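Visitor: Sequence and predicted model, in that order:
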Amino acid sequence: MNTYLRRYSLAAATAIVAFGAVGQQSPRVTELEALAGRVRTLEDREDIRALILAYGTAHDHRDYRTFAALFAKEGEWVGGLGSAKGPEAIFELMDRTIGHDPKPNGSGTYHVMTNDQIKIDGNAASATTKWIYLTPGADAAPRMVYLGHYDDKFIRENGEWRFLRREAPADIAPPR
Amino acid sequence: MNTYLRRYSLAAATAIVAFGAVGQQSPRVTELEALAGRVRTLEDREDIRALILAYGTAHDHRDYRTFAALFAKEGEWVGGLGSAKGPEAIFELMDRTIGHDPKPNGSGTYHVMTNDQIKIDGNAASATTKWIYLTPGADAAPRMVYLGHYDDKFIRENGEWRFLRREAPADIAPPR
Amino acid sequence: MNTYLRRYSLAAATAIVAFGAVGQQSPRVTELEALAGRVRTLEDREDIRALILAYGTAHDHRDYRTFAALFAKEGEWVGGLGSAKGPEAIFELMDRTIGHDPKPNGSGTYHVMTNDQIKIDGNAASATTKWIYLTPGADAAPRMVYLGHYDDKFIRENGEWRFLRREAPADIAPPR
């Protein structure tokens, strides 16, 4: 990254030679394209963050149609409830184990998604993130039930980022 | 987003035709402006994240002058403590119910702001985020007292993002 | 920020005068450079976020070689375990007090790093962030042991962001 300004200054110097007048010189198309690529990587990271949070919201809302649609055609979910491949199979797994029951104002469960470490490589990406699952305790106060992390792979499919594989191991989880 | 590169390649191809020499072609001003708009959206998201965190810090520091100044002239706060419109009324509500008592090193309360889902639309924006309110428990250990979410609307006012409306419903909150 | 579009429009208007034809005008190199600087600030923030999260991961993995390498040559760590300056001294402090014992699949402790408020100033930066330290409790359920914040200074060293000083005061911490 440090190298960018150095490279850039060189390109600018070349442009000065090429065009003569410093005040009116223009950048090359390739320079704008290189910058656009960096902007796109920043946008990709935000889009993937949004995908991860949409997953948490769908869980909290017990909306497993929306949840399943966040996965790629070949997308896999692997976790304590079992595993499934493809949106329809993922929907069925969630419906059978938790129950599809959309509640736009929340179901009483509360998923915190945090500490996203995302790596982008063109139309593919990977991440590890943390999840914390909370519910009301016996005294109605917030109770942390489990916490763990996600090992994720993403793919850009029809121009949108989707989960290609999401594994959800628990890190601190009492026996039920 | 996927369409960007396609559109861009087309523009580049057009520029090649227009300017003849591939190596020396320059982008159009409109292309730089389009990219600048995308950069600005990324900056806006970071500015709004900073606003949301400044709100949490002001709460933790019991600094309700700073807190109130984060709201637009017509900004509203709506939550368990009541509701108020405009920075002065919001200050008064917080001073009356919690107490303005600036403690730059912290008041012992601890607000975690997380899971920001921000949508930007020019000089307006909206978000849902999560909040967790912690204090020391009877044993001095961290205790989660309440957790909930914010439904936010933002406005760019005099060049700075401000809360236009912040509603703070609790999601898991024991009776007091 | 608000001033950007105004400044930009002026530059565009000047360019129209200079080049005559609106449709074929090109931006100046300085305009592309200014935009590249803004992109770089956004990238710097993401790089610093990644550094902060790498620190948490190294802690969870009890990998204090990786942990120490996140500090600048003159980097300092200051906290409840003591203080140390330079990667080797920081490694020794951590090894002596916690124990270097790399566990790539996790050690059972769980650090949440959150609420990063990062300010970037060229090759230097500062931040305050929050940390929550969790372990399994007596009942094997997640237990928040301590929480606090970090006061950070960063430096770009050999092109990479590193901690120049990290102070880790506890905010809610029961006596041991």
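Guide: Sure thing, it's come through.
Visitor: does the helix or strand hosting A:Glu31 come close to chain B?
Guide: Counting by DSSP states H and E, the element that carries A:Glu31 is helix A:29-60. Yes: applying CB under 8 Å from any CB of the partner chain, one finds helix A:29-60 touching chain B at A:29, A:32-33, A:35-36, A:39-40, A:42-44, A:46-47, A:50, A:53-54, A:56-57. For every residue, glycine as well, the C-beta is placed using N, CA and C.
Visitor: From chain B, how far out is A:Leu81?
Guide: A:Leu81 sits 22 Å away from chain B, going by CB to the nearest CB, to the nearest Å.
Visitor: Can you report how many residues neighbour that residue?
Guide: If you count neighbours by other CB atoms under 10 Å in any protein chain shown, A:Leu81 ends up with 13.
Visitor: residue contacts, the residue nearest to A:Tyr55 when sequence neighbours are not counted?
Guide: Closest residue to A:Tyr55 apart from its sequence neighbours, by CB to CB, 6 or more residues apart in numbering or on different chains: A:Leu70 at 5.5 Å. By CB atoms under 8 Å, 6 or more residues apart in numbering or on different chains, the contact list for A:Leu70 reads A:Leu51, A:Ala54, A:Tyr55, A:Ala58, A:Arg162, A:Phe163.
Visitor: Pretty sure A:Phe154 is one of the things the last one touches, is it not?
Guide: Spelled out, it's A:Phe163. Yes: with contact defined as CB atoms under 8 Å, A:Phe163 and A:Phe154 form a contacting pair (6.2 Å).
Visitor: residues shared between the contacts of those two?
Guide: A:Leu51.
Visitor: Among those two, which residue is more densely surrounded?
Guide: A:Phe154 (27 against 23).
Visitor: Could you verify that the more buried one is part of a helix?
Guide: No: using DSSP: H, G, I helix; E, B strand; the rest coil, the secondary structure at A:Phe154 is strand, not a helix.
Visitor: Please report phi then psi for the residue lying closest to A:His149 once chain neighbours are set aside.
Guide: Of all residues beyond its chain neighbours, the one nearest A:His149 is A:Lys130 (5.1 Å), with distances taken as CB to CB, 6+ apart. Main-chain torsions, A:Lys130, degrees, to the nearest 10: phi -110, psi 150.
Visitor: Look up the pLDDT of A:Lys130 for me, please.
Guide: What the model reports for A:Lys130 is a pLDDT of 97.
Visitor: now swap in A:Tyr133 and tell me
Guide: Predicted confidence (pLDDT) for A:Tyr133: 96.
Visitor: picking up where we left off before, what residues does the helix or strand following the helix holding A:Glu31 touch?
Guide: Downstream of helix A:29-60, the first helix or strand assigned by DSSP H and E is helix A:64-68. Residues outside helix A:64-68 that contact it (CB under 8 Å, 6+ apart) are A:54-55, A:58-59, A:87-88, A:90-91, A:94-95, A:98, A:100, A:102.
Visitor: As CSV, those with pLDDT would be great.
Guide: Shown next, in CSV, are the contacts of helix A:64-68 (pLDDT from 0 to 100):
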residue, pLDDT
A:Ala54, 98
A:Tyr55, 98
A:Ala58, 97
A:His59, 96
A:Pro87, 98
A:Glu88, 98
A:Ile90, 98
A:Phe91, 98
A:Met94, 98
A:Asp95, 98
A:Ile98, 95
A:His100, 97
A:Pro102, 96
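Visitor: Distance check, the closest residue to A:Thr109 other than its chain neighbours against A:Pro142.
Guide: With CB to CB, 6+ apart as the criterion, A:Thr109 has its nearest non-adjacent residue at 5.4 Å, and that residue is A:Thr135. The gap separating A:Thr135 from A:Pro142 is 8 Å, by CB to CB, to the nearest Å.
Visitor: Settle it for me: which of these two has more neighbours?
Guide: A count of neighbours by other CB under 10 Å puts A:Pro142 above the other of A:Thr135 and A:Pro142, at 24 against 14.
Visitor: The residue nearest to the spatial centre of chain A and A:Phe67, how far apart?
Guide: Centroid-nearest residue in chain A, with CA atoms, centre = their mean: A:Ile48, separated by 3.0 Å. Using CB to CB, A:Ile48 is found at 16 Å from A:Phe67.
Visitor: quick one on the thing from earlier: check the contact between the residue nearest to A:Thr109 and A:His111; I expect there is one.
Guide: No: checked against CB under 8 Å, the pair A:Thr135 and A:His111 is beyond contact range at 10.2 Å.
Visitor: is it true that A:Ser126 touches A:Trp161?
Guide: No: using CB under 8 Å, A:Ser126 makes no contact with A:Trp161, being 11.8 Å away.
Visitor: So for those two, which residue has more residues nearby?
Guide: Counted by other CB under 10 Å, A:Ser126 and A:Trp161 do not tie: A:Trp161 has more neighbours, with 24 against 16.
Visitor: interface residues of chain A facing chain B?
Guide: So chain A meets chain B at A:18, A:26-29, A:32-33, A:35-36, A:39-40, A:42-44, A:46-47, A:50, A:53-54, A:56-57, A:106, A:108, A:110, A:112-114, A:134-136, A:139-142, A:144, A:156, A:158-160 (CB under 8 Å from any CB).
Visitor: residue boundaries of the strands in chain A?
Guide: Counting by DSSP state E, the segments of chain A that form strands are A:71-79, A:82-85, A:110-121, A:124-136, A:142-157, A:160-167, A:170-172.
Visitor: buried ones in stretch A:159-167?
Guide: A:Trp161, A:Arg162, A:Phe163, A:Leu164, A:Arg165, A:Arg166, A:Glu167 (16 or more other CB atoms under 10 Å in any protein chain shown).
Visitor: Please enumerate residues in contact with that stretch?
Guide: Residues contacting stretch A:159-167 (CB under 8 Å, 6+ apart): A:44, A:47-48, A:51, A:55, A:70-72, A:74-79, A:124-125, A:150-156, B:1-3.
Visitor: avg pLDDT for it?
Guide: Computed over stretch A:159-167, the average pLDDT equals 98.
Visitor: partner residues bridging the residue nearest to A:Thr109?
Guide: Under DSSP bridges, the beta-bridge partners of A:Thr135 are A:Arg143.
Visitor: Would you quantify the distance from it to chain C?
Guide: For A:Thr135, the distance to chain C equals 12 Å [CB to the nearest CB].
Visitor: so what's that residue up against?
Guide: Counting by CB under 8 Å, 6+ apart, A:Thr135 has contacts A:Gly108, A:Thr109, A:Tyr110, A:Arg143, A:Val145, B:Ile172.
Visitor: Report the residue spans of chain A with pLDDT below the cut-off.
Guide: A:1-24 (pLDDT under 70).
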